[in-house]
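> need a structure here:
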Amino acid sequence: MTAQWKRLVDHVMGVPEGVYEGWNARDGYDNDNPWGRRFGENGVAWCVIWDWCMYDDVGLAGVVPRFDNVSAFTAWAQRRGQFSQYPSVGAWVNFGNGSHTEIVVGFDADTVYTKGGNSVRAGSTDAGQGNGVWSHATSRRSARVVGYFAPRFPDGVCPPTTDPRDPRGGRAQTSYRWTGADPAPAPTPVQEDDMTPDELLATRVPLATLPTGYVPTVAELLNGAKTAGAQLDQLRADLPGLLLATPMPDYAVLPDGYRPTIGEALNGAKTAGAQLAALSGQVAAQSAAITALAQQVAAGGPVDVDDLVARIEQAISSVTVHLTTTSKES
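Numbering: from 1, shown residues only. Have a look, this model is predicted:
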C-alpha cells in the first residue's frame, strides 16, 4: 500500500504548473483562483490555502491546520513540536519569515525542491504578487528559509527526511527526488465461489440497521420485501371497497342523524336520477295534453271541462307522488 506521504507528493506533482489567477487591466493579477474559491477565502493571498487543499485532496486535512497565514501555521507547528530546521517531503516551508510557503517535494545536500500556489515561474520577478502554481529550487542555506512545518502522517510512516533526529522516527537521508507516481493498485479479483448462497443469505447488512439496533440479514430483507409486496397488492385490491365503505362528511348527514357511506350516497344519487328522469317524462306528457286542450279552448272548440280538470289534477298528483317517493328513498 502506498504511504500517505507518497500519495500526497504524487498528487502535488500531478497539479499542472501554470497561471491560475484572474487578471484585469486595473489591478493585474487579482488572486481569483480555484483553490481560494473552494477554501471559502477567494481574492486573498493563497499560498497557505493551496498547501491545505493539497492535503485535503488526499484525505489528510485533519493533520494540518486550516489556516491562511504562514506565521499562524508556523506558531501552531512550533507549539506541537512539528517545526524543524530540516526539510522533509510533504513539509510546508516558511519562506521570508512568513511571506510565502510551498510544499517540499524533494531535497539534496544543498537544495530544497518545492512546489506551491500563489507563486511565479522560476526566474521571474515576484513583485509581491504570484499568479499560479510553480516549482522552485532554493538553497537550503538561503536566508529566505526560516524552517519547515513537518506534519505527522496518520499511517505512522515518516517521509524522506534530512533530520537526523526526526521525531517521526525516520532515518535521515542525503537526497530524495520524485521520480513519478506509484501505479494504482490492481483491483482485487472477485472469487465467485468465495461465499455459498446460504452464507450470502445469512450475511448481515449494516446499512439496513433498524431503529432498535437490530441488523437484518440478506434473507430477512428479501422476505420483508416479499411480504411488503404482497401486502401492497392486497391493499390495491381492497382499496375500492374501503373507499365505498367510508362515511360521508358532516354535510351529508340525513335529518334523522344517519350518516350514509360513500357507496350509499352514490347508489342514492343513481336511483334519484332514474326517478327524476321518469318524472320528467310523465310531466312532459301531461303538459302536452294540457297544452292541446288550451289550444282547443283558444280555437273556440268544445271543451270537456271535467276532463281538463282531471288531467291537471293527475299531473299534480304524479309530481307529488314522485317527489315524496324520491325524498324517502334518498
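> can you map out the strands along this protein?
Ranges of strands within the chain are 18-19, 23-24, 28-29, 83-84, 92-95, 100-107, 111-119, 132-139, 145-149, based on DSSP state E.
> next one: stretch 71-79 to chain centre, how far?
37 Å (CA atoms, centre = their mean, to the nearest Å).
> export that stretch as CSV, just CAs?
Below are the C-alpha coordinates for stretch 71-79, written out as CSV (Å, rounded to 0.1, in the frame of the first residue of the first chain):
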residue,chain,number,x,y,z
SER,A,71,3.1,32.9,10.6
ALA,A,72,-0.1,31.2,12.1
PHE,A,73,0.8,27.7,10.9
THR,A,74,4.4,28.2,11.9
ALA,A,75,3.4,29.1,15.5
TRP,A,76,0.9,26.2,15.5
ALA,A,77,3.6,23.7,14.5
GLN,A,78,6.1,25.1,17.0
ARG,A,79,3.7,24.6,19.9
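> how about the strands of the chain in a markdown table, adding distance to residue 49 and mean pLDDT?
Quick note: C-beta positions are derived from backbone N, CA and C, even for glycine. Below are these laid out as a markdown table (distance: least, CB to CB, whole Å; pLDDT from 0 to 100):
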| stretch | distance to residue 49 | mean pLDDT |
| --- | --- | --- |
| strand 18-19 | 17 | 95 |
| strand 23-24 | 19 | 86 |
| strand 28-29 | 15 | 88 |
| strand 83-84 | 20 | 97 |
| strand 92-95 | 12 | 97 |
| strand 100-107 | 10 | 97 |
| strand 111-119 | 7 | 97 |
| strand 132-139 | 12 | 96 |
| strand 145-149 | 15 | 97 |
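> closest to residue 202 out of those strands?
Of all the strands of the chain, strand 100-107 sits nearest to residue 202, with 49.0 Å by CB to CB.
> which residues sit against that closest one?
Here strand 100-107 makes contact (CB atoms under 8 Å, 6 or more residues apart in numbering) with 9, 12-13, 47-48, 51, 54, 70, 73, 87-95, 112-116, 118-119, 130, 135-136, 140, 148, 160, 162, 175-178.
> pLDDT weak spots in the stretch 201-330 of the chain?
Filtered on pLDDT under 70, the stretch 201-330 of the chain yields the residue ranges 213, 301-305, 308, 311-312, 315-330.
> quick one on the thing from earlier: quick one: closest of the strands of the chain to residue 314.
Checked against CB to CB, the stretch from the strands of the chain lying closest is strand 23-24, at 99.6 Å.
> pairing partners for the closest one, with directions?
Applying DSSP bridges, strand 23-24 is found paired with strand 28-29 (antiparallel).
> can you name the residues that contact the residue nearest in space to the middle of the chain?
Per CA atoms, centre = their mean, the C-alpha nearest to the average position across the chain is that of residue 207, at 17.4 Å. For residue 207, the contact set (CB under 8 Å, 6+ apart) is empty.
> please renumber the chain so that the first residue is 744 from this point on.
Shifting the count to begin at 744 puts that one at residue 950.
> mind listing the helices for the stretch 944-1073 of the chain?
961-987, 1005-1041, 1048-1072 (DSSP state H, counting those that start in this stretch).
> output the contacting helices and strands for the second one.
Meaning helix 1005-1041. helix 961-987, helix 1048-1072 (3 or more CB pairs under 8 Å, 6 or more residues apart in numbering; DSSP states H and E).
> mind putting the strands of the chain into a markdown table with distance to residue 966 and mean neighbour count?
Putting these into a markdown table (distance: least, CB to CB, whole Å; neighbours: other CB atoms under 10 Å) gives the following:
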| stretch | distance to residue 966 | mean neighbour count |
| --- | --- | --- |
| strand 761-762 | 59 | 12 |
| strand 766-767 | 65 | 10 |
| strand 771-772 | 65 | 16 |
| strand 826-827 | 60 | 20 |
| strand 835-838 | 56 | 24 |
| strand 843-850 | 55 | 25 |
| strand 854-862 | 56 | 24 |
| strand 875-882 | 56 | 18 |
| strand 888-892 | 57 | 21 |
